[in-house]
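J.: Turn this into a model:
(one chain, ligands or ions: 1)
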Amino acid sequence: MSHPRFINRQDELDLLRSRFESASAELLVIYGRRRLGKSALVREAIKGQEDAVYWQATEETPEAQLANFVDTASEAFPLLEDIQRDWEALLRALGREDAIVVLDEFPYLVESDDALPSKVQRVWDMHLEDTEMTLVLVGSSISIMEEKVLSGGSPLYGRRTASIDLPPLSLDDAREFYPTEDSDEEIQFWGVFGGTPYYLQALAPDATLAENIQSLILSEHGVLRNEPEFLLRTEFGIREPQTYYTILRAIATGKRAANEIADFAGVDSNALGSYLSKLRRLRLVERDIPVTANPNATRKSRYRLKEPLFRFWFRYVYGQEGKISQLGDDAYAELVNPSLTDYMGPMFELVCQNALSSLVPKTYRGIGYWWHQHHELDVVGLASDGTLVAGECKYTTRQMHEGDLADLERSASHVDWTPPGGGDPTNHYCCFCRSGFSDGLQQVADERADVSLFAPDDIVSGLSATHR
Ligand SMILES: Nc1ncnc2c1ncn2[C@@H]1O[C@H](COP(=O)(O)OP(=O)(O)OP(=O)(O)O)[C@@H](O)[C@H]1O
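T.: Alright, predicted model coming up:
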């Protein structure tokens, strides 16, 4: 299905358009892993701008790239036909026109001409800085963008006037693509397909979640069947992809602490840090610490897979390709369906954390997980007014009852947090449940102002309120 409508990205569009209008030279950088919609964003931003050139680099020789660029750019700026074919001369000519120039897939240019960042830096410093030109460098390879454009060692360091590290769409935006209006199913779609536009636009509009998973991810020719492999190869080339795979697999199978991951993956624990930090930069892996802990308390770190599609793929596809092929059209029913509820548990916790600030509106200093020894809370919000919001999430087919609230209160009593003004926090308890609440618990919530109950409909509407 193709979605003709461009969804949201309002903050990014506002930023880009304001920089296009500014009276000074702008060097903008847009980066983020593949499929997030960087090209679509920048194309949307330049719509209606007559003095804009959008060009996507390809993996060709430097000469072919230059010829190709001139072909594209001379449609808006015919004078380029007569300019010497080198980047310095061409950019300088475009600078004189105060043009908006977008170089998409910039890493391809750098790969074919390693000196390009220095050339751009030179022409920027000598000729462009005093124009009203906007130069936008877009790239998917985070490692190349960091090393060659963003880092202190890059010649372009310090020239950049703004950058956009493009995140996936929020659940509330991604809902526009999900072929359902049922809140629980929307949460499930998010738990598998997440908010990456390329994955979303692949969804079949008249198909259920099961059908979409079967045809896009499990079927041999499904467009997402090899997506994680493709993405990891783009970023890491052929260097050590196996190590990244085993680390991701370790986390997908529930290893959370660094030593557990290192043991499972057979990686030296000293070396693990650099793999994890690359995976975190790609936003594939997230590090959590208890929400009450000092942010530098890395000893307490736990890791989880952040990109839903990767989590799904490493749980159900990786290493099971043979079985999936054998099962054919029954792969979903046999392999996924029996454990989908279990798979969804942690995804549901994250959705509840995201919705918290609008479900229990307060100014929060932190929202996240909390754990200590054997005690654990799925959702904790630390509010500036001294409230500690503690939540339990149940993505099960059974209702939550008073016993669940009692467990939640017990766990919350172990949280060691001193509110900003000192003294003890005031606790507020939230139960988030997929399948509703017993009459007894409902009655308790009616009587107690410090207990709130949230079903999928409340949670999903909470998310849309958060983003307005
Ligand atoms: N905000 C959006 N609303 C609707 N569709 C979108 C949006 N962003 C991207 N898309 C669609 O998602 C797909 C992927 O986007 P795009 O090609 O721009 O990603 P990219 O980050 O440039 O990825 P790559 O580096 O892999 O080319 C495209 O089909 C695009 O039309």
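J.: Get me the contact residues on the stretch 201-350 of the chain for the ligand.
T.: residue 201 (C-beta under 6 Å from any ligand atom). Yep, even glycine has a C-beta here, placed from its N, CA and C like the rest.
J.: can you map out the helices along the stretch 201-350 of the chain?
T.: 209-212, 227-236, 241-252, 258-265, 269-281, 308-316, 321-327, 331, 340-359 (DSSP state H, counting those that start in this stretch).
J.: now the last one against helix 308-316, angle please.
T.: Interaxial angle of helix 340-359 relative to helix 308-316 (axes from the mean of the first three to the mean of the last three C-alpha atoms, to 10 degrees): 160 degrees.
J.: The closest residue to the ligand within the stretch 1-150 of the chain - how many residues pack around it?
T.: Closest residue of the stretch 1-150 of the chain to the ligand, C-beta to the nearest ligand atom: residue 37 (2.6 Å). By the criterion of other C-beta atoms under 10 Å, residue 37 has 23 neighbours.
J.: pLDDT value on it, please?
T.: Looking at residue 37, its pLDDT reads 96.
J.: next one: the one 5 residues further on
T.: Predicted confidence (pLDDT) at residue 42: the value is 97.
J.: Spell out which helix or strand contains it, please.
T.: Element membership for residue 42 (DSSP states H and E) is helix 38-46.
J.: can you list the residues that contact that helix?
T.: 6, 9, 12-13, 16-17, 20, 30-32, 52, 54, 56, 100, 102, 104, 136, 138-140, 164, 166, 197 (C-beta atoms under 8 Å, 6 or more residues apart in numbering).
J.: could you pick out which of those residues are near the ligand?
T.: Restricting the contacts of helix 38-46 to those near the ligand - C-beta under 6 Å from any ligand atom - leaves 6, 9, 140, 197.
J.: residues touching the second one, list them.
T.: Remark: with contacts taken as C-beta under 8 Å, 6+ apart, residue 9 is in contact with 37, 41, 44, 169.
J.: Looking at these, which is nearest residue 123?
T.: Distance to residue 123 across the contacts of residue 9 (C-beta to C-beta) is lowest for residue 41, with 25.6 Å.
J.: Check the gap between that closest one and residue 194 for me.
T.: Note on residue 41: its distance to residue 194, by C-beta to C-beta, to the nearest Å, is 17 Å.
J.: Residue 59 now?
T.: Remark: distance between residue 59 and residue 194 (C-beta to C-beta) = 28 Å.
J.: From what I see, residue 282 and residue 145 are in contact.
T.: No - contact criterion C-beta atoms under 8 Å: residue 282 and residue 145 do not qualify, at 11.4 Å.
J.: So for those two, which residue has more residues nearby?
T.: Taking other C-beta under 10 Å, residue 282 and residue 145 do not tie; residue 145 has more neighbours (24 against 21).
J.: doesn't residue 30 make contact with that one?
T.: No - counting by C-beta under 8 Å, residue 145 stays clear of residue 30, with 9.1 Å between them.
J.: Need the overlap of contacts for these two.
T.: Contact criterion C-beta under 8 Å, 6+ apart; residues shared by residue 145 and residue 30: 137, 139.
J.: Could you work out the end-to-end span of stretch 448-465 for me?
T.: Terminal residues of stretch 448-465 lie 25 Å apart, using C-alpha to C-alpha, to the nearest Å.
J.: got a list of contacts for it?
T.: 170-172, 175, 183-184, 186-187, 351-352, 354-356, 358-360, 400, 405, 426-434, 436-437, 441-442, 444-445.
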